[in-house]
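Novice: need a 3D model of the sequence below.
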Amino acid sequence: MQYRLDLVLYPAEGALLRVIGMAERRGFAPRAINGAPDADDQGRWHLQLVVDGTRPPETLCRQIEKIYDCISVQVTELQGVAA
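Specialist: Residues are numbered from 1 along each chain as shown. Take a look at the predicted model:
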C-alpha cells in the first residue's frame, strides 16, 4: 500500500533525515517528497512524504510524532495506486 504523510516540522538541521530514517526503520520505503518552508507559519516546513509499506501506517505516525522536530503528522491512504 502507498500512504501520504502530511508533516509539519521545525526547520532544524537533520529533521528530514530523521523522518526518512524513521520511515525506513519501520519498514516503509520512501517514494516521493514534496514541500517547502511556509513563511506564514514561522518558517515551519510543510512536507508531503509518500511511502510504500505493508505495515499499519499508524505505527509509523506514532513513531514520527516522537521525533522532537515533528509538530504534526497525518496519514492518508492513496487509493488506486499500485505498489
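Novice: and the longest helix for this protein?
Specialist: Secondary structure assigned by DSSP state H gives helix 15-25 as the longest helix of the chain.
Novice: in the helix or strand just after it, what's buried?
Specialist: Counting by DSSP states H and E, the next helix or strand C-terminal to helix 15-25 is strand 29-38. Going by neighbour count (16 or more other Cβ atoms under 10 Å), the buried part of strand 29-38 is Pro30. (Glycine included, C-beta is placed from N, CA and C.)
Novice: CA-only coordinates of whichever strand or helix holds Leu5 in CSV, if you can.
Specialist: Counting by DSSP H and E, the element that carries Leu5 is strand 2-9. The C-alpha trace of strand 2-9 is given here as CSV (Å, rounded to 0.1, in the frame of the first residue of the first chain):
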residue,chain,number,x,y,z
GLN,A,2,1.0,3.6,-0.5
TYR,A,3,0.4,6.3,2.0
ARG,A,4,0.9,10.0,2.0
LEU,A,5,2.2,11.6,5.2
ASP,A,6,1.4,15.3,5.7
LEU,A,7,4.1,16.6,8.0
VAL,A,8,4.8,19.9,9.7
LEU,A,9,8.4,20.1,11.0
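Novice: check which helices and strands that strand sits against.
Specialist: helix 15-25, strand 44-52, helix 57-65, strand 70-77 (3 or more Cβ pairs under 8 Å, 6 or more residues apart in numbering; DSSP states H and E).
Novice: which residues of the protein score low on pLDDT?
Specialist: Applying pLDDT under 70 to the chain flags the ranges 80-83.
Novice: Three-state assignment for Tyr68, please.
Specialist: Reduced to three states with DSSP: H, G, I helix; E, B strand; the rest coil, the structure at Tyr68 is coil.
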